[in-house]
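[1] Test case, fold it:
(3 chains)
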Amino acid sequence: MDLKLLHDWNVTPQEAVALQNSLRERLVLRAPSGLRVSRVAGADISTERGNDTGYGAFVVLDAESLAPVSQQGAEAPLGFPYVPGLLSFRELPVLAAAWMRLESAPDLLVFDGQGTAHPRRMGIACHGGLLFGVPSIGCAKSLLVGSHGPLGEERGATAEIRHRGEVIGMAVRTRRGVSPVYVSPGHLMDLPTAVEWVLRLSPRYREPETTRHAHRLVNVLRRQAHGGLQGDVCGQWGRAWSP
DNA sequence: GCGACAG
DNA sequence: ATCTTGTCGC
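    Predicted coordinates:
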């Protein structure tokens, strides 16, 4: 797939902040009327300590059955440090490489991180949505900024995430008895629709199936590129080779 | 100035 | 995010 030419990725943290403030004006925080989603993809990356190599991937699922229909991964130097608030500058380059290998674009993208629930309202889901030109949602495991009140224990319970007087996202309980996930729109998306999709994509576990599949794939890519022939071969052969 | 801080 | 074994609970 192709992607938008937004800006240079070889930037300093200071320049990255300026870019976020500029890119924010291009965001469309409204879901396209009559949005039809038949293919939804999850994106994620993994890396190793003391190494700048990153492994990124997209796993596309059938929106109805949530069964994987295609996937693509890539390996590349991350080239940007992890700085709270600038995650997209570290993760999007390698994801862009994987994106270009996809045969067709999914109708919706789910990122492992924030959308508008970000200090400058430009989390990785917003940046990624603009880069790939697809409706996107941010679904994070923890908060970056903002706070929320208590929410019910039942699956589907929600609580608004507020920051500086604005509602920037929603804490969503995707499963009873587990901590909530933090949902916010990325691009071409609104909060209610984002919450609705995250719940639909998380019928059984805390995190969306999209995120779970992408997370599993990038870890397989990292391990097989690194060495260790473990992980899934173990499941088929048990410990047959062990003494 | 101090503490917080997606992955 | 990653480093790591066992362990508590449904």
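[2] Please identify the buried residues of stretch A:32-44?
    Of all the residues in stretch A:32-44, those buried under the rule 16 or more other CB atoms under 10 Å are A:39-44. Just so you know, the C-beta spots here come from the backbone N, C-alpha and C atoms, and that holds for glycine as well.
[3] Give me the average confidence score over that stretch.
    Taken as a whole, stretch A:32-44 has a mean pLDDT of 97.
[4] which residues are in contact with it?
    With contact meaning CB atoms under 8 Å, 6 or more residues apart in numbering, stretch A:32-44 is reached by A:56-64, A:69, A:95, A:98, A:104, A:106-112, A:128, A:135, A:188, A:193, A:197, A:201, A:208-215, A:217-218.
[5] How far does it stretch from one end to the other?
    25 Å (CA to CA, to the nearest Å).
[6] now check that stretch, is it near DNA strand B?
    Yes: contact of stretch A:32-44 with DNA strand B is found when judged by CB under 7 Å from any atom of the strand, involving residue A:44.
[7] How far does that stretch sit from its chain's centre?
    The chain centroid and the centroid of stretch A:32-44 are separated by 13 Å, computed with CA atoms, centre = their mean, to the nearest Å.
[8] ditto for stretch A:91-107
    When C-alpha coordinates are averaged (CA atoms, centre = their mean), stretch A:91-107 and its chain have centres 12 Å apart.
[9] which residues sit against that stretch?
    A:1-3, A:9, A:35-41, A:43, A:45, A:54-58, A:60, A:63, A:70, A:72-76, A:78-80, A:113, A:124, A:127-128, A:131-135.
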